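[1] Sequence and predicted structure, then a few things I'm wondering about:
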Amino acid sequence: MIQNTIDVTKRNIANLVTFSESRVDQVGWERTSNAETTTKPNGEQVVEASMMHLVRDFVAANANPSLIGSDFVDNNPEFFLDLWDMDKGFKWLATGLPAWLPIPQIWRAKIARSRSLNAVLAFEEAMEKAANGEDPGQEWQYLENVGPVLTERLKLYRQLNFTMNERAALDLCLLWAMNANANMLVFWMLNHIYADKEILSSLREEIAPFVHVVQPKQLFNVPEPPRIDTFDHEALASKCPLLKSCYVESLRLDAATWSFRVMQEDLVLPASRDKDAEKFFLKKGTYAHIAHSIHHTDPAYFDDPHVWRADRHIKREQGDEEASVNMGTIRPYGGGHSMCKGRAFAQKEALVFVAAFISMWDMEPVGGGAWKMPSYKPATGVYSTNDDVRVWISRREELPQV
């Protein structure tokens, strides 16, 4: 899956913004971010856009073909907008409250969920037809590029005689899980990185041997956009400790995940290892809720816990030539048998997209000046925000020519 995501991203990252003044000529993630071409006081042409929408929707459009195929993404250009509305109203959906209540978040989320489910249902019906050797329809001619996760799930669905509605519900859950947190994590990482020019410069230097960006020479006076020539995603995780530390640090500070456990037996839990520590009685049959952000911002474990520090998780053991990075006591993906099964892909995805963005593009706040971090809005995992982060976007200069 990750290689397919890289291939799609390599093709599209040069068109993160197209500098097109007509919305008709813009790509989808530009339109949702209200992108517009403008000129800085120094005469440089840039694109002004809403960063969250641009990053979130670019990641969605380029990561999801590796899961559900290009046909689904092309056939449903509004799908991810509905997915975001469904995610915004997730807690309201979980309550089971009826749509007729005068609470806009409820009916918006229910309408968005219904449209999303119908889109996935059409996909399930097309996959079933293709599996039976039938023509799935003109709009479903490239189902062979549906990712291995969903093709294997289809085999299981057929073995267990799942209905189309059951399949659609399960795969919509998967699509929501894949997009609700990872996309926003990339947004927060980029905010922190672009806010500090020294970190940005260090990261670009670190990833340069593994994400090679080139500027093609102009032919016949026609400008060519830069492109990513080679992309070694394995090296991003194993040989780029600063980048990986940024990822872990954003999981620590920019997410507020919860774990839930059913108590199978009575348990007395001490608050610490101290002999006289306070003890809590957890009764069999009750639920234990663990708010990971409490630990992630505990000064007993993290100095200056509310400060995002890029190199916080880099460890250098005496005698070791290479630095290492690990999660330590951070558990953003939960633990035990219920630990998030997609965590390995999520890490690779975040590193790939952040590397692609910073390799190709410069960003700064509209008007210049210091970067103002957006405020947090609680969500289902990684924080969202209500702040409209407008940025100026321009191509990186002084790239090697080929």
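    Perfect, thanks for sending it.
[2] Now do stretch 116-126: everything it contacts.
    Residues outside stretch 116-126 that contact it (Cβ atoms under 8 Å, 6 or more residues apart in numbering) are 68, 71-72, 75-76, 79, 82-83, 86, 136-137, 140, 143, 164-165, 167-169, 171-172, 175. C-betas here are computed from N, CA, C, even on glycine.
[3] Quick one: buried ones out of those residues?
    68, 71-72, 75-76, 79, 82-83, 86, 136, 140, 143, 164, 167-169, 171-172, 175 (16 or more other Cβ atoms under 10 Å).
[4] Output stretch 292-310 as CSV - backbone C-alpha positions only.
    Taking Å, rounded to 0.1, in the frame of the first residue of the first chain, the C-alpha atoms of stretch 292-310 are listed here in CSV:
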residue,chain,number,x,y,z
HIS,A,292,-3.4,9.1,27.2
SER,A,293,-3.0,12.9,27.0
ILE,A,294,-2.8,13.1,30.8
HIS,A,295,0.4,11.0,30.7
HIS,A,296,1.7,12.6,27.6
THR,A,297,1.7,16.0,29.3
ASP,A,298,2.9,14.8,32.7
PRO,A,299,6.0,16.8,33.8
ALA,A,300,7.2,13.7,35.7
TYR,A,301,7.8,12.0,32.4
PHE,A,302,8.3,14.9,30.0
ASP,A,303,10.2,18.1,30.7
ASP,A,304,8.3,21.2,29.5
PRO,A,305,5.5,18.8,28.5
HIS,A,306,3.4,21.4,26.6
VAL,A,307,6.3,22.4,24.4
TRP,A,308,6.7,20.7,21.0
ARG,A,309,10.3,19.8,20.7
ALA,A,310,11.5,18.2,17.5
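[5] tell me which residues in stretch 180-196 are buried?
    Quick answer for stretch 180-196 (16+ other Cβ under 10 Å): 180-195.
[6] Oops, could you answer that again for stretch 157-166 instead?
    Tyr157, Phe162, Met164.
[7] Now, the residues you listed that are in helices?
    Tyr157, Met164 (DSSP state H).
[8] can you map out the strands along the stretch 201-350 of the chain?
    211-214, 227-231, 258-262, 267-270, 279-282, 287-291, 314-315, 324-325 (DSSP state E, counting those that start in this stretch).
[9] which intervals of the chain have sub-threshold pLDDT?
    For the chain, the stretches flagged by pLDDT under 70 are 220-221, 318-320, 335-338, 400-402.
[10] Kindly recompute the last result at 80.
    218-223, 317-321, 333-342, 398-402 (pLDDT under 80).
[11] one step back: among the contacts of stretch 116-126, which lie within helices?
    Going by DSSP H, the helices hold 68, 71-72, 75, 79, 82-83, 86, 164-165, 167-169, 171-172, 175 from the contacts of stretch 116-126.
[12] Quick check: the farthest pair among the residues you listed?
    Asp71 and Met86 (21.5 Å; Cβ to Cβ).
[13] and Asp362, which of the strands of the stretch 201-350 of the chain is closest to it?
    Across the strands of the stretch 201-350 of the chain, closest to Asp362 is strand 211-214 (Cβ to Cβ), at 12.6 Å.
[14] Parallel or antiparallel, list what pairs with the closest one.
    Applying DSSP bridges, strand 211-214 is found paired with strand 227-231 (antiparallel).
[15] Now the partner strand - C-alpha only, CSV.
    Taking C-alpha atoms only, strand 227-231 is exported to CSV below (Å, rounded to 0.1, in the frame of the first residue of the first chain):
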residue,chain,number,x,y,z
ARG,A,227,9.6,16.5,-9.4
ILE,A,228,10.6,13.9,-6.9
ASP,A,229,13.0,11.6,-8.7
THR,A,230,13.6,8.9,-6.0
PHE,A,231,11.8,8.2,-2.7
